[in-house]
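K.L.:
make a model of this:
(one chain, ligands or ions: 2)
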Amino acid sequence: MTTDSKRKYDLYGIAGNFRLSGKAAAIGPTGEGHINDTFLIKTGDETDPDYILQRVNNTVFADVPGLMENMARVVRHILIKPGVDGELQQEKTARLIYTVEGNSFYLDEQGNYWRCFEYCRNSYHHFKDVSVKRAYEGGKILGDFQAMLLDLPGGPLYETIPDFHHLAVRLHSFDITVENGLQQRIDIAAGEIEEIELRREEMLAVDTLARNGTIPWRVTHNDTKFNNILFDKHENALCIIDLDTVMNGAVLYDFGDALRTLGNTAAEDDPNLSRVDFNMALFEPFARGYLKGAGGFLTPIEIKYLAHSVKFMTYIMAVRFLTDYLAGDLYYKISRPAHNLDRARNQIRLLKSVEDKFDQMERILQRFSAG
Ligand code: GN1
Ligand code: MG
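P.N.:
Ligands and ions are numbered 1, 2, ... in the order given. Next comes the predicted model:
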């Protein structure tokens, strides 16, 4: 989606459609998502909140009204939940701002879908090094998030991206692309294609458990990369953002994706593979925090597969990045020609490191569930 972010929009006019308190004094691009276009609205007055304005990518998300309905349901449910101390949850996720007409999104004349959130004030999500405390807090808020949504009323959520973490379907697209993709790229990536093949059966076995009802289906976030968790300056987790892919799924997707990103000692697109490693020092506190939040409802089979989920989510991301590279970069935003190949190589290297540390992870989890 390389071109969209460079388009010019009448951002002030668009912002005027939402119920902001205060005036939009400055609006500029922010964030590093690969899918939507994100802008920060700064208001002039200290007492007014700032806002996030987003153009939702309606190529990736075919039914934006359905997606927004999911989001509105989830945000509403979380904000009316009492917290541990009996207080209402104010900041477990970003507050959705409705349009002056009372809708959760604004559709402009060009067919672009816009939405707005209150900016989580005094929040941080960029750290050079994640501390043990942040890892624990991140795990805890993820467990809390899933726990809060156990009793979401209103039936199953709309499937915003069908088969999003359905590995069999992802591998099917991968296979078709290996057959029909860009030949020069297929030759370049022969080694990576082989790495995917080597693990196909093992990973599909986990996929099957999540699809045949052995692993229960719950409300999950599905995009829990660690920078979707915001912290205050004392390293307490404030909220989980980016609810585009909130759907019904296996809790393993969230646990695995958070550790895939938190545990990587390099950025997920770092081409220098010698920097990529899985950081066990953060696994333990994250898992401890997660089990504190989610331990009360997880079944033994979910706990048993937590360590597998780190492999699974790293693998599925490698498959997706590699497929996109071989297809000619149709899905993820890129900023250099081999960007998706770099991402795939990075994830494969990370996967190998996760495999090396897998027994250690299992032992840590066993210790937690025994105690
Ligand atoms: C995309 O745009 P962003 O960063 O929120 C992707 C995730 C991937 C992630 C990899 C809807 O998320 O699944 O894990 O890139 N989201 C979608 O960085 O495909
Ligand atoms: Mg996202």
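
K.L.:
low-confidence ranges in the stretch 151-300 of the chain?
P.N.:
Scanning the stretch 151-300 of the chain for pLDDT under 70 picks out nothing.

K.L.:
farthest residue from the center of the chain?
P.N.:
residue 45 (32.0 Å; Cα atoms, centre = their mean).

K.L.:
near ligand 2, which residues of the protein are found?
P.N.:
Residues of the chain lying near ligand 2 by Cβ under 5 Å from the ion: 223, 242. To be clear about C-beta, it is placed using only N, CA and C from the backbone, and glycine gets the same treatment.

K.L.:
tell me how the chain divides into domains.
P.N.:
Domain segmentation of the chain under automatic domain parsing yields 11-119, 132-370.

K.L.:
the ones you listed: which one's closest to residue 125?
P.N.:
Nearest to residue 125 among those is domain 132-370 (4.7 Å), distances taken as Cβ to Cβ.

K.L.:
how close does the residue nearest the centre of the chain get to residue 300?
P.N.:
The centre of the chain sits closest to residue 223, judged by Cα atoms, centre = their mean, with a distance of 1.7 Å. Distance, residue 223 to residue 300, by Cβ to Cβ, to the nearest Å: 27 Å.

K.L.:
same deal with residue 118?
P.N.:
Going from residue 118 to residue 300 by Cβ to Cβ gives 39 Å.

K.L.:
neighbour count winner among these two?
P.N.:
Taking neighbours as other Cβ atoms under 10 Å, residue 118 and residue 300 compare with residue 118 leading, 16 against 8.

K.L.:
what values do phi and psi take at the more buried one?
P.N.:
Residue 118 has phi and psi values of phi -70, psi 130 when expressed as degrees, to the nearest 10.

K.L.:
specify the beta-bridge partners of it.
P.N.:
Taking DSSP bridges as the rule, residue 118 bridges to residue 51.

K.L.:
can you tell me how far it is from ligand 1?
P.N.:
Plainly put, residue 118 is 19 Å away from ligand 1 if you go by Cβ to the nearest ligand atom, to the nearest Å.

K.L.:
ok now do that residue, which residues does it touch?
P.N.:
By Cβ atoms under 8 Å, 6 or more residues apart in numbering, the contact list for residue 118 reads 49, 51, 52, 94, 95, 97.

K.L.:
ok, those residues vs residue 210, which is closest?
P.N.:
Nearest to residue 210 among the contacts of residue 118, counting by Cβ to Cβ, is residue 94 at 28.1 Å.

K.L.:
host element of the closest one?
P.N.:
Under the criterion DSSP states H and E, no helix or strand holds residue 94.

K.L.:
so for it, what's the pLDDT?
P.N.:
Reported pLDDT at residue 94 in the predicted model: 84.

K.L.:
contacts only, for the closest residue to it other than its chain neighbours.
P.N.:
Excluding the flanking residues, the one nearest residue 94 by Cβ to Cβ, 6 or more residues apart in numbering is residue 117, at 4.1 Å. Neighbour list for residue 117: 51, 52, 54, 94, 95, 96, 97, 241 [criterion: Cβ under 8 Å, 6+ apart].

K.L.:
could you redo the last one with a cut-off of 7 Å?
P.N.:
Applying Cβ atoms under 7 Å, 6 or more residues apart in numbering to residue 117 gives the contacts 51, 52, 94, 95, 96, 97.

K.L.:
same deal with residue 160?
P.N.:
By Cβ under 7 Å, 6+ apart, residue 160 lies in contact with 61, 66, 67, 70, 244, 245, 247.

K.L.:
intersect the residues you listed with the contacts of ligand 1.
P.N.:
Contacts with ligand 1 within those, counted by Cβ under 6 Å from any ligand atom: 244, 245.
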